[in-house]
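J.: let me see the structure of the following:
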Amino acid sequence: MLTALGVDVGTTNTKVALVDVTVPRVLAVASAPTPSPRDAATVLAGLVARVLPAGPAPVAVGIASMAETGVPLGPDGTPRGDWLRWDGHRAGAAAHALAARIGRADLFAATGVRASAKIPLATWEWLRSHDPDALHTAAGTGRWAGAADLVGLLLTGRLATDHTLAGRTGAYRLGRPGDLPTAFDADLLAEVGLRPSQVPEVLAPGELLGPIVDGPFTDAGLAAGTPVTIAGHDHPVGTWAAGVRRPGEAADSVGTAEAVCTILASDPAPAPVAAAGMSLVRTVTGEHPALLAGSSSAGAAVGWWLRTRASGVDVDALMADVADLGDAPLDLLVLPYVSGRQTPDPDPTATPRVLGAVDGRSTAQATFGLLAGLALQARRMLDEQSRLAGTGAPSSVAVLGGPMTANPAWLRLKARMSPTALRLVAEAEPVAAGAALLAADRVGALDGAAPAIPSSPVPRTGPGADVVDALARFVAAAREPAR
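T.: All right, here's what the predicted structure looks like:
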């Protein structure tokens, strides 16, 4: 047996998994609410200690994380405050100012990301006026660490990131597949008053971060000298782990947020991608371009629904009742935009709406409408990516993430709405497993190509005429001006 360790620093929880990378399968996983930067070493070392007894010592460690999230560091590497997260909405005015100064279209063409409140470039501009001591004063001694970058620093003493995370900041040029930049862009950093020395190094695809050094992680049982890699942005890491590695294939990764990623043969025109609210990215190996669409209305929308419409209800029993509805009519749908809509038709003012009459329906029937709306939102993202790429529906779609394995009713509706057959990656922690797989692959521990996490076909009954009609009603309602 050959093992590697995968770390996934998520929006809600952080997971550490010991993975048999030859199968692959997760031997043990431990999780905790994502800790503050100051507590990260203690919490992560505790999670590592819990999983290591499940198998042989890992040959490598891989780190994946949410993107657009980080923390300023002092000269000694100590975090200055809490995470500045992707969903904080603090930097909207700063993003608008940057777009006006740089040019909204020019910034997207250069970086593949839109000028929005979530990108660190806007956060850095916001810090310059709201907390200059964090990065911009004291002779510029402050540095920025993304979530995965901080974990890598704690493990190895080196601050670096990979291109999939750097590419979400707004300060890293997109580059050509197979020829990616190895540093943040100095001119873009200068726009917000920073220098290249204040941000992480950017590792080339496949480059290792370094060896584990003595400290809390060796105390937890990891061997000093074990190689570490920054696996990358959680969604692309999960996409790769699911075996979605060739043009025409797509992945739908569902967690607190949802991301749909379609791999392309060539770059589309940037302006329509930006207008659609999507990003143009590179795969974790750097070989192919890809379109990435994000929605905050996934697990977060389910949580909102349960708080506001099903408070006090046994969730497992409710979802079992929803599953028992099978392929019920799609006459009630919910627009699930609890935090606006990023794509398609970006609208930060979008709010949840119920299409159809709720009176006389059970809680399960109304919840069916919510899950149907979530499935239709994912279908919209897939359809828009196919349109932007100028291709037909993807040849395959891999669905992954804890909610998909835990909620058969949601998965059934997703398969019913999909333009093509789905396959389910049933592993509950695909990102942590993918980080471990990438680490083993990058140290040359695997024979041949890295295997994908096992998946299985999802039975489907659609899409039929009822789905076509429901999608049309959903899209028309989503495009209506806010009331």
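
J.: now do the strands in the stretch 151-300 of the chain.
T.: Counting by DSSP state E, counting those that start in this stretch, the stretch 151-300 of the chain has strands at residues 160-162, 201-203, 210-211, 227-233, 249-254, 258-263, 279-282, 289-295.

J.: who does the first one touch, helix- and strand-wise?
T.: In terms of contacts (3 or more C-beta pairs under 8 Å, 6 or more residues apart in numbering; DSSP states H and E), strand 160-162 is packed against helix 147-156, strand 201-203, strand 227-233. Heads up, the C-betas are built off the backbone N, CA and C, glycines and all.

J.: okay if I get those as JSON lines plus distance to residue 391 and mean neighbour count?
T.: Rendered in JSON lines, the data for the helices and strands packed on strand 160-162 read as follows (distance: least, C-beta to C-beta, whole Å; neighbours: other C-beta atoms under 10 Å):
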{"stretch": "helix 147-156", "distance to residue 391": "32", "mean neighbour count": "26"}
{"stretch": "strand 201-203", "distance to residue 391": "30", "mean neighbour count": "21"}
{"stretch": "strand 227-233", "distance to residue 391": "23", "mean neighbour count": "29"}
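
J.: need the ones you listed in CSV (columns: mean pLDDT).
T.: Formatted as CSV, the helices and strands packed on strand 160-162 follow (pLDDT from 0 to 100):
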stretch, mean pLDDT
helix 147-156, 98
strand 201-203, 97
strand 227-233, 98
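
J.: nearest to residue 171, out of the ones you listed?
T.: strand 201-203 (10.4 Å; C-beta to C-beta).

J.: can you give the domain ranges for this protein?
T.: Taking automatic domain parsing as the criterion, the chain consists of the domains 3-234, 243-424+453-483.

J.: can you list those in TSV and add distance to residue 444?
T.: Listed next are the domains of the chain as TSV, based on distance: least, C-beta to C-beta, whole Å:
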stretch	distance to residue 444
domain 3-234	9
domain 243-424+453-483	15
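
J.: nearest to residue 447 among those would be which one?
T.: Sorting those by C-beta to C-beta, the top spot, which is the nearest, belongs to domain 3-234 at 8.5 Å.

J.: endpoints of the closest one, how far apart?
T.: Using C-alpha to C-alpha, to the nearest Å, one end of domain 3-234 lies 20 Å from the other.

J.: want to throw the helices and strands packed on strand 160-162 into TSV with distance to residue 290?
T.: Written out in TSV, the entries for those read as follows (distance: least, C-beta to C-beta, whole Å):
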stretch	distance to residue 290
helix 147-156	19
strand 201-203	18
strand 227-233	11
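
J.: residue 128: which of those is closest?
T.: Comparing the helices and strands packed on strand 160-162 by their distance to residue 128 (C-beta to C-beta), the top pick is helix 147-156, with 20.6 Å.

J.: hey, C-alpha coordinates of that closest one in CSV?
T.: Taking only C-alpha atoms (Å, rounded to 0.1, in the frame of the first residue of the first chain), the coordinates of helix 147-156 have been written out as CSV:
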residue,chain,number,x,y,z
ALA,A,147,-5.3,29.7,2.6
ALA,A,148,-3.3,26.8,1.1
ASP,A,149,-0.2,29.0,1.1
LEU,A,150,-0.4,29.5,4.8
VAL,A,151,-0.7,25.8,5.4
GLY,A,152,2.3,25.2,3.1
LEU,A,153,4.3,27.8,5.1
LEU,A,154,3.5,26.1,8.3
LEU,A,155,4.6,22.7,7.0
THR,A,156,7.8,23.8,5.1
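
J.: now that helix against strand 227-233, angle please.
T.: Between the axis of helix 147-156 and that of strand 227-233 there is an angle of 170 degrees, by axes from the mean of the first three to the mean of the last three C-alpha atoms, to 10 degrees.

J.: what's helix 147-156 packed up against?
T.: strand 3-9, helix 40-51, strand 61-65, strand 70-73, strand 160-162, helix 216-219, strand 227-233.

J.: and residue 2, how many neighbours?
T.: Applying other C-beta atoms under 10 Å, we find 18 residues neighbouring residue 2.

J.: tell me which element the spatially closest residue to residue 34 that is not a sequence neighbour is part of?
T.: Distances taken as C-beta to C-beta, 6 or more residues apart in numbering place residue 14 nearest to residue 34, at 4.6 Å, with adjacent residues excluded. Counting by DSSP states H and E, the element that carries residue 14 is strand 13-20.
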